[in-house]
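Colleague: Kindly return the folded structure for what I paste below:
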Amino acid sequence: MSILIKKTGIPRHPQTIKGEESVRNAKQSATQSIEPPPEKLCYTAKEVCGLLSISRKTLQRLQARKLIHSLKVLRTHLFSRKEIERFLSECR
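Modeller: So this is what the prediction gives:
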């Protein structure tokens with residue numbers, strides 16, 4: 001790889017050139033179509049909180065009021081996609 005020289009005559013460091021190439025590659029990959037990940041059947045409590053933009057405590061309160069239901073699988077509470085959709089449709 002050759003070292004480029006700016007108009008000032010100062011040679012550019014090869015790592016800078018690599019950095020510019022990676023930025024260029026990132027821009028090219030960003031313009032390509034990005035497929036969404038396949039939808040999951042169940043979500044963890046943390047994922048549900050992220051989807052609904054609520055805190056973990058709020059999710060626990062909704063569960064206590066029986067507004068949203070979870071499945072207990074291997075000591076983990078999982079929320080089905082249909083349950084989340086049902087909850088959202090009832091909130092409207």
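Colleague: SS state for Lys40?
Modeller: Three-state call for Lys40 (DSSP: H, G, I helix; E, B strand; the rest coil): coil.
Colleague: Spatially nearest residue to it (excluding sequence neighbours)?
Modeller: In space, Lys40 comes closest to Arg81 once its chain neighbours are excluded; the distance is 6.8 Å by CB to CB, 6 or more residues apart in numbering. C-beta: built from backbone N, CA, C; applies to glycine.
Colleague: Hmm, Pro38 and that neighbour touching each other?
Modeller: No: contact criterion CB atoms under 8 Å: Arg81 and Pro38 do not qualify, at 11.4 Å.
Colleague: follow-up on the earlier one: near the residue nearest to Lys40, how many other residues are there?
Modeller: By the criterion of other CB atoms under 10 Å, Arg81 has 13 neighbours.
Colleague: What are the boundaries of the helices in the chain?
Modeller: Secondary structure of the chain by DSSP state H: the helices cover 14-31, 45-52, 56-64, 81-91.
Colleague: how near is the residue nearest to Lys40 to Thr58?
Modeller: Using CB to CB, to the nearest Å, we find Arg81 at a distance of 19 Å from Thr58.
Colleague: what's the nearest residue to Leu71 if we skip its chain neighbours?
Modeller: Per CB to CB, 6+ apart, closest to Leu71 is Leu78, 4.9 Å.
Colleague: The lengthiest strand in the chain packs against which elements?
Modeller: For the chain, the strand with the greatest residue count under DSSP state E is strand 76-80. On a contact count with 3 or more CB pairs under 8 Å, 6 or more residues apart in numbering; DSSP states H and E, strand 76-80 meets strand 42-44, helix 45-52, strand 71-73.
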